[in-house]
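> my questions are about this predicted structure, shown below with the sequence.
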There are 2 protein chains.
Amino acid sequence: MITPYTDDYFMKQAFLEAEKALETGEIPVGAVVVSKNQIIARSHNLTERLTDVTAHAEVQAITAAANYLGGKYLKGCTLYVTLEPCVMCGGALYWSQIDKVVYGASDEKRGAGKHKGIYHPKTTLVSGILENECAELMRSFFQSKRK
Amino acid sequence: MITPYTDDYFMKQAFLEAEKALETGEIPVGAVVVSKNQIIARSHNLTERLTDVTAHAEVQAITAAANYLGGKYLKGCTLYVTLEPCVMCGGALYWSQIDKVVYGASDEKRGAGKHKGIYHPKTTLVSGILENECAELMRSFFQSKRK
């Protein structure tokens, strides 16, 4: 049996969200939250449109997923996000007690992975899924900004 | 001349917010954001009411202050918060580029101060303002929960 429910499949969905961010001039980061192989939240970075530094894709995804589930903890859920979560988002994911976080491109500068103990000990981290595509989207955004 | 605009004065305002959180069964943390000696945002922890782990007093205060100012950066602003910001909130404050963060009680467990480089290098940190009152509020909340 071929299952579509792979990390690649869901990261592509997060990537589609990142492209939506790009179209509106936002730093192109997208996310989805998955529970039981079903996407229960989709989001992309909205810091410019909302004039709010806290409107990262992950923060919105956590809020939306909790709203869907009717509870604030995201146990049994996986977050797919095109860029490594920053410290703020890593801290938010800690509180959510989410099972698994899968990210695409790394963020050497503000990635939560620079610090020890940001994520919840119960959270499994997977990195590098569609890494090149996700990193290329970021690169092209910043290149176009410099022009 | 006696000025009311001291750190103590504004922390008392944050404390009043924390008491509002306590009254509704939330972990009692309150915050205000001050710009030019004027309070431009007030908030308290709403994680239970909103079923949202990201609804910390600081995150709401950042969003509300940016909304008031019409810009996402909180330059020239000071956040007063009754409890030391957690990693998530420290990360959010980093993105806001806020001038100053003043907190009451320390948080040995999840305080952002446990990690180096969470706050923006431009941000001045002040701790221990009304520390005992803020810590006592937290202690009494958790004691009542254990009963």
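Nice, thanks for sending it over.

> tell me which parts of chain A are close to chain B?
A:47-48, A:51-54, A:59, A:62-63, A:66-67, A:70-73, A:86-92, A:94-96, A:110, A:112, A:114-118 (C-beta under 8 Å from any C-beta of the partner chain). Where you see a C-beta, it was placed from the backbone N, CA and C, and this is true even at glycine.

> can you select the buried ones among those for me in PyMOL?
Typed into PyMOL, the line below selects the buried ones among the residues of chain A next to chain B, using 16 or more other C-beta atoms under 10 Å in any protein chain shown:
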select buried, chain A and resi 47+51+52+53+54+59+62+63+66+72+86+87+88+89+90+91+92+94+95+96+110+112+114+115+118
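
> list the helices and strands the worst-scoring helix or strand of chain A on mean pLDDT packs on?
Lowest by mean pLDDT, DSSP states H and E among the helices and strands of chain A is helix A:131-146, with a mean of 94. Judged by 3 or more C-beta pairs under 8 Å, 6 or more residues apart in numbering or on different chains; DSSP states H and E, helix A:131-146 is in contact with helix A:7-23, strand A:77-83, strand A:100-105.

> tell me which strands the next helix or strand after the last one pairs with, and in which orientation.
Taking DSSP states H and E as the definition, the helix or strand that follows strand A:100-105 towards the C-terminus is strand A:124-127. For strand A:124-127, the paired strands and their directions (DSSP bridges) are strand A:100-105 (parallel).

> in the partner strand, what counts as buried?
A:100, A:101, A:102, A:103, A:104, A:105.

> distance from the chain centre to it, please.
Distance, stretch centre to chain centre, for strand A:100-105: 7 Å (C-alpha atoms, centre = their mean, to the nearest Å).

> what angle separates it from strand A:77-83?
With axes from the mean of the first three to the mean of the last three C-alpha atoms, to 10 degrees as the basis, strand A:100-105 and strand A:77-83 are set at 10 degrees to each other.

> show residues contacting strand A:100-105.
A:7, A:10-11, A:14-15, A:77-85, A:93, A:119, A:123-131, A:133-135, A:138 (C-beta atoms under 8 Å, 6 or more residues apart in numbering or on different chains).

> distance from the chain centre to stretch A:118-130, please.
Using C-alpha atoms, centre = their mean, the offset of stretch A:118-130 from its chain centre is 11 Å.

> dump that stretch to PDB, keeping only the CA atoms.
The C-alpha atoms that make up stretch A:118-130 are tabulated as PDB, following Å, rounded to 0.1, in the frame of the first residue of the first chain:
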ATOM      1  CA  ILE A 118      13.900  25.000  24.700                       C
ATOM      2  CA  TYR A 119      11.800  22.100  23.400                       C
ATOM      3  CA  HIS A 120       9.800  19.800  25.700                       C
ATOM      4  CA  PRO A 121      11.600  16.600  26.500                       C
ATOM      5  CA  LYS A 122       8.600  14.700  25.100                       C
ATOM      6  CA  THR A 123       8.900  16.400  21.700                       C
ATOM      7  CA  THR A 124      10.600  14.600  18.900                       C
ATOM      8  CA  LEU A 125      12.500  16.800  16.400                       C
ATOM      9  CA  VAL A 126      13.000  16.000  12.800                       C
ATOM     10  CA  SER A 127      14.900  18.400  10.500                       C
ATOM     11  CA  GLY A 128      15.800  18.700   6.800                       C
ATOM     12  CA  ILE A 129      12.600  17.600   5.200                       C
ATOM     13  CA  LEU A 130      12.400  19.500   1.800                       C
END
